[in-house]
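Participant: below is the sequence, then the predicted model.
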Amino acid sequence: MPARKHDRIRLGVASLVWGFDLSEQRALEVFLKDASDIGYEGVLVFDMTVQPWLDRPDEFKALLARYELDFTGAILRPTLDFGGTERLTKFMAAAGAEVMNISGRDGTQAEWDIVIPALQRHAEIAAANGIRAVYQHHTGWIAETMEEYERLLAATDRRYLGVMIDCGHATKDWPGHTAQEFIGKHPELDYIEFKDYAPESDLRTEVGRGLCDWPAVAEAVRAIDYRGWIVIEQNGSIRPPRIGPEESFRYVRDVLGLGRR
């Protein structure tokens, strides 16, 4: 199943800079309030954050609605627990989510023949429950470079596992290639993450402060007429959590030429 269709770009935010585990409701609500106050339309959270809500999808959806937020999706840290993925994606569908981002330590090229079928199986389960799965290329994992990610995409079925781009990891991990190059090659993109990279601050960099060529990325996004979620993520900060994502939100809105929410 393809990603859900939208009539425009929608900006969401990942919870990581607020904390890896927001399963405690007070911590979750700090994140939701900050995201809403900044102007984001949706949120992406880790699988562990929604664990207390798996049997209460309507309550989780109502909590997001209280803050005028949609459920962009959840990050699945892949294991061989396919039953857990079944339960997670059923919850996600019931709570209104769209994307399952498969993102976690998953092996190396040496384990290719083991890992790829497992990733495909997670994606098949998600599709059966109405959720679009994508795989996140990442430093040190089975698909780090652009060439490795293209190999992974060639080895999996697009009916189940979609295509995404993490602009921060592309800037950091793709020598000789760029995020805008990949976007141009893949107009079928299901999901985009805007993250920046600088050697001094690694992936804890606000969007617009790093090495990614954001005007070129924005032009590539417009060229493929992308309409869907762009999620802003920052891996950490020494400042209060909302400051970086607020700065990034303003920059992204400007570079993409988006109006206010």
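Facilitator: Done, it's in.
Participant: which ones are touching the nearest residue to Asp202 once chain neighbours are set aside?
Facilitator: Residue nearest to Asp202 in three dimensions, not counting chain neighbours: Asn235, with 7.1 Å by C-beta to C-beta, 6 or more residues apart in numbering. The C-beta positions use only the backbone N, C-alpha and C, and glycine is treated the same way. The contact partners of Asn235, by C-beta atoms under 8 Å, 6 or more residues apart in numbering, come to 16-17, 195, 202-204.
Participant: also Val115?
Facilitator: 106-107, 142.
Participant: so which of these wins on neighbours?
Facilitator: Ile142 (23 neighbours; other C-beta atoms under 10 Å).
Participant: tell me if that residue really is in a helix.
Facilitator: No. Judged by DSSP: H, G, I helix; E, B strand; the rest coil, Ile142 forms no part of a helix; its state is coil.
Participant: please verify my assumption that it contacts Thr108.
Facilitator: Yes. Using C-beta atoms under 8 Å, Ile142 is in contact with Thr108, at 6.2 Å.
Participant: tell me the mean pLDDT over the longest helix belonging to the chain?
Facilitator: In the chain, assigned by DSSP state H, the helix with the most residues is helix 112-128. Average pLDDT, helix 112-128: 97.
Participant: next structured bit after that helix?
Facilitator: As assigned by DSSP states H and E, the chain's next helix or strand after helix 112-128 is strand 132-135.
Participant: can you add pLDDT and distance to Gly257 and give the contacts of Val115 back as TSV?
Facilitator: Compiled in TSV, the contacts of Val115 are given as follows (pLDDT from 0 to 100; distance: C-beta to C-beta, whole Å):
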residue	pLDDT	distance to Gly257
Asp106	92	36
Gly107	89	40
Ile142	96	36
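Participant: who wins for neighbours among the contacts of Asn235?
Facilitator: The most crowded member of these, judged by other C-beta under 10 Å, is Lys195 (27 neighbours).
Participant: and the pLDDT at the nearest residue to that residue once chain neighbours are set aside?
Facilitator: Using C-beta to C-beta, 6+ apart and skipping residues adjacent in sequence, the residue nearest Lys195 is Gly168, 2.9 Å away. pLDDT recorded at Gly168 is 98.
Participant: surely Gly168 meets Gly210?
Facilitator: Yes. The criterion here is C-beta under 8 Å, and Gly168 meets it with Gly210 at 7.4 Å.
Participant: higher neighbour count, these two?
Facilitator: Shown here are Gly168 and Gly210; by other C-beta under 10 Å, Gly168 has more neighbours (27 against 23).
Participant: helices along the stretch 51-200 of the chain, start to end?
Facilitator: For the stretch 51-200 of the chain, the helices defined by DSSP state H, counting those that start in this stretch cover 57-66, 82-95, 112-128, 146-155, 167-173, 179-185.
Participant: now those as a markdown table including distance to Gly73?
Facilitator: What follows is those, written out as a markdown table (distance: least, C-beta to C-beta, whole Å):
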| stretch | distance to Gly73 |
| --- | --- |
| helix 57-66 | 12 |
| helix 82-95 | 7 |
| helix 112-128 | 10 |
| helix 146-155 | 19 |
| helix 167-173 | 17 |
| helix 179-185 | 20 |
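Participant: and Val231, which of the ones you listed is closest to it?
Facilitator: Closest of the helices of the stretch 51-200 of the chain to Val231 is helix 167-173, at 10.8 Å (criterion: C-beta to C-beta).
Participant: and the closest one, what's buried?
Facilitator: Buried positions in helix 167-173, judged by neighbour count with 16 or more other C-beta atoms under 10 Å: 167-173.
Participant: what packs against it?
Facilitator: On a contact count with 3 or more C-beta pairs under 8 Å, 6 or more residues apart in numbering; DSSP states H and E, helix 167-173 meets helix 179-185, strand 191-194, strand 196-198, strand 202-205.
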